[in-house]
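A.B. asks: I would like the atomic coordinates for the input below:
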Amino acid sequence: MKLQGSIVALITPFYEDGTVNFERLGKILDWYIAQGTDGILVLGTTGESSTMSHEEDDAVCRFTIGRVAGRVPVIAGSGSNSTETQLEKSKKYAAMGADALLCITPYYIKANAEGMYRHFANVADAVDVPVILYNVPGRTGCSIPVETVARLARHPNICGIKEASGDISYAVKIARYLSDDFQMFCGNDDITLPLLSLGASGVISVWANIMPAAC
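C.D. replies: Down below sits the predicted model:
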């Protein structure tokens with residue numbers, strides 16, 4: 001799968017009582033696609049999945065995949081600090097029809113390099129859809145070591161990394177491992193252009209929720 005361009009990091013709309021507003025979710029999905037967005041990320045940080053129940057996660061993912069109906073690729077955020085939970089969610093969302101999975105670093109755990117590698121590789125070994133690594137140390141307290149990125153980039157079922165550290169020097173170091181089979185996506189709207197200049201294929205964008213056509 002070759003992803004590129006502007007991929008919207010989808011919000012999850014709620015009613016005032018805290019339940020998911022699926023009617024509004026359907027409308028904004030249709031609007032993003034009409035505006036020309038190149039892909040949808042569901043259950044990312046912007047979608048507030050870290051504060052939703054597993055049942056809500058599953059329902060939002062299933063609805064999004066069904067509503068998009070193949071018009072653009074859908075990436076499902078299946079990450080967890082528990083490798084077992086991440087594996088379970090990844091299998092479930094792959095079976096629902098997600099085109100790719102976004103898997104986050106094991107926050108709070110303080111994994112060593114080998115543990116970090118296995119956290120991602122165990123999922124990539126077990127599913128038949130591409131896996132995108134998610135590096136966002138400002139939220140997780142941990143970053144994927146550059147050497148581990150190099151190792152994971154060689155995995156046949158890991159297709160890229162969402163780089164959201166905001167650290168240009170880190171992006172420069174991992175850019176050397178980019179290829180037709182391993183892409184980088186900018187995870188910070190304010191440095192999209194610099195990361196594109198390093199070889200990034202696009203942006204997984206919060207801004208695109210508001211201005212998808214411009215983004």
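
A.B. asks: measure residue 104 to residue 70 for me?
C.D. replies: 26 Å (Cβ to Cβ, to the nearest Å). The way it works is simple: take the backbone N, C-alpha and C, and place the C-beta from them, glycine included.

A.B. asks: quick one, which of those two is more surrounded?
C.D. replies: residue 104 (25 against 9; other Cβ atoms under 10 Å).

A.B. asks: Got the phi and psi for that one?
C.D. replies: The phi/psi pair for residue 104 (degrees, to the nearest 10) reads phi -90, psi 160.

A.B. asks: Also residue 171?
C.D. replies: Torsion angles, degrees, to the nearest 10, at residue 171: phi -60, psi -40.

A.B. asks: residues in contact with it?
C.D. replies: 163, 165, 184, 194-195, 198, 200 (Cβ atoms under 8 Å, 6 or more residues apart in numbering).

A.B. asks: hey, C-alpha coordinates of the helix or strand bottoming out on mean pLDDT in the chain in PDB?
C.D. replies: Scoring the helices and strands of the chain by mean pLDDT, DSSP states H and E places helix 137-140 at the bottom, with a mean of 94. Provided in PDB are the C-alpha atoms of helix 137-140 (Å, rounded to 0.1, in the frame of the first residue of the first chain):
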ATOM      1  CA  PRO A 137       7.400  10.800  23.000                       C
ATOM      2  CA  GLY A 138       5.800  14.000  24.200                       C
ATOM      3  CA  ARG A 139       2.700  12.000  25.000                       C
ATOM      4  CA  THR A 140       4.100   8.600  25.800                       C
END
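
A.B. asks: For it, list every residue counted as buried.
C.D. replies: The neighbour-count check on helix 137-140 (16 or more other Cβ atoms under 10 Å) flags 137, 140 as buried.

A.B. asks: Show the subsequent helix or strand relative to that helix.
C.D. replies: With elements assigned by DSSP states H and E, the helix or strand that comes after helix 137-140 is helix 146-153.

A.B. asks: and that next one, what other elements does it pack with?
C.D. replies: In terms of contacts (3 or more Cβ pairs under 8 Å, 6 or more residues apart in numbering; DSSP states H and E), helix 146-153 is packed against helix 113-126, strand 131-135, helix 168-175.

A.B. asks: Nearest to residue 36 among these would be which one?
C.D. replies: Taking Cβ to Cβ, strand 131-135 is the member of those nearest to residue 36, at 21.5 Å.

A.B. asks: any chance you could map the strands in this protein?
C.D. replies: 5-9, 39-42, 74-77, 100-104, 131-135, 158-163, 183-186, 202-205 (DSSP state E).

A.B. asks: CA atoms only for the last one, dumped as CSV, please.
C.D. replies: What that stands for is strand 202-205. Output of strand 202-205 as CSV, limited to C-alpha atoms (Å, rounded to 0.1, in the frame of the first residue of the first chain):
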residue,chain,number,x,y,z
GLY,A,202,2.6,13.2,3.7
VAL,A,203,1.1,14.3,7.0
ILE,A,204,-1.3,12.7,9.4
SER,A,205,-3.0,16.0,10.2
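
A.B. asks: Neighbouring strands - and their directions - for that strand?
C.D. replies: Its sheet considered, strand 202-205 pairs with strand 5-9 (parallel), strand 183-186 (parallel) by DSSP bridges.
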